[in-house]
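Asker: My questions are about this predicted structure, shown below with the sequence.
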Amino acid sequence: MKRLPALIKWTLVLGIFVLLLTILEFLALHDIKNEYVSAEILKHLQISLSNELPRWTSTTGEWRIVTISWLLRFIFLASTIVVLTLCCRQIKTKESLVKPQK
């Protein structure tokens, strides 16, 4: 299989990218923990404000980073399963060619 080395390289690159994105996701979740305010929760707790909540309290950018990170992590894991399956098949094939037949 000639395309296997290219698949392995792309999986490695995607893995490094997902690792960096995981760090970014951690930072986004830290911001969400510190800044997120839900109008629905405030209403449920019967807390009224004199003004509307500032736009930054919804942390939409941070939630977008978390969503993208989870999507890319899923793609990475699925591609890793495929690449590892192909690697195992190729190793089995090469081992069967090397072993002497009885």
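Answerer: Nice, thanks for sending it over. Residues are numbered from 1 along each chain as shown.
Asker: Can you find the helix or strand of the chain with the lowest average pLDDT?
Answerer: Every helix and strand in the chain was compared by mean pLDDT, DSSP states H and E; the lowest is helix 39-44, with a mean of 77.
Asker: Can you give the contact residues for that one?
Answerer: For helix 39-44, contacts defined as CB atoms under 8 Å, 6 or more residues apart in numbering pick out 48-49, 53. The way it works is simple: take the backbone N, C-alpha and C, and place the C-beta from them, glycine included.
Asker: could you redo the last one with a cut-off of 10 Å?
Answerer: Helix 39-44 has contacts (CB atoms under 10 Å, 6 or more residues apart in numbering) with 38, 47-49, 52-53, 57-58.
Asker: would you turn those into TSV with distance to residue 73?
Answerer: Converted to TSV, the contacts of helix 39-44 look like this (distance: CB to CB, whole Å):
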residue	distance to residue 73
38	25
47	36
48	40
49	36
52	35
53	30
57	27
58	24
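Asker: Dump those residues to TSV, plus neighbour count.
Answerer: Putting the contacts of helix 39-44 into TSV (neighbours: other CB atoms under 10 Å) gives the following:
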residue	neighbour count
38	12
47	9
48	7
49	9
52	8
53	12
57	13
58	16
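Asker: circling back: the least confident helix or strand of the chain: what's the following helix or strand?
Answerer: Using DSSP states H and E, the helix or strand that directly follows helix 39-44 along the chain is helix 60-98.
Asker: Can you give the distance from that following helix to the centre of its chain?
Answerer: Centroid separation for helix 60-98 versus its chain: 11 Å, with CA atoms, centre = their mean, to the nearest Å.
Asker: backbone phi and psi for residue 50, please?
Answerer: phi -70, psi -30 (degrees, to the nearest 10).
Asker: What of the one 4 residues further on?
Answerer: As for residue 54, its main-chain torsions (degrees, to the nearest 10) stand at phi -60, psi 150.
Asker: Thought residue 37 was touching it, still the case?
Answerer: Yes - Residue 54 is within contact range of residue 37, at 8.6 Å (criterion: CB atoms under 10 Å).
Asker: Which residue of these two possesses the greater neighbour count?
Answerer: A side-by-side neighbour count of residue 54 and residue 37, using other CB atoms under 10 Å, places residue 37 first with 13 against 9.
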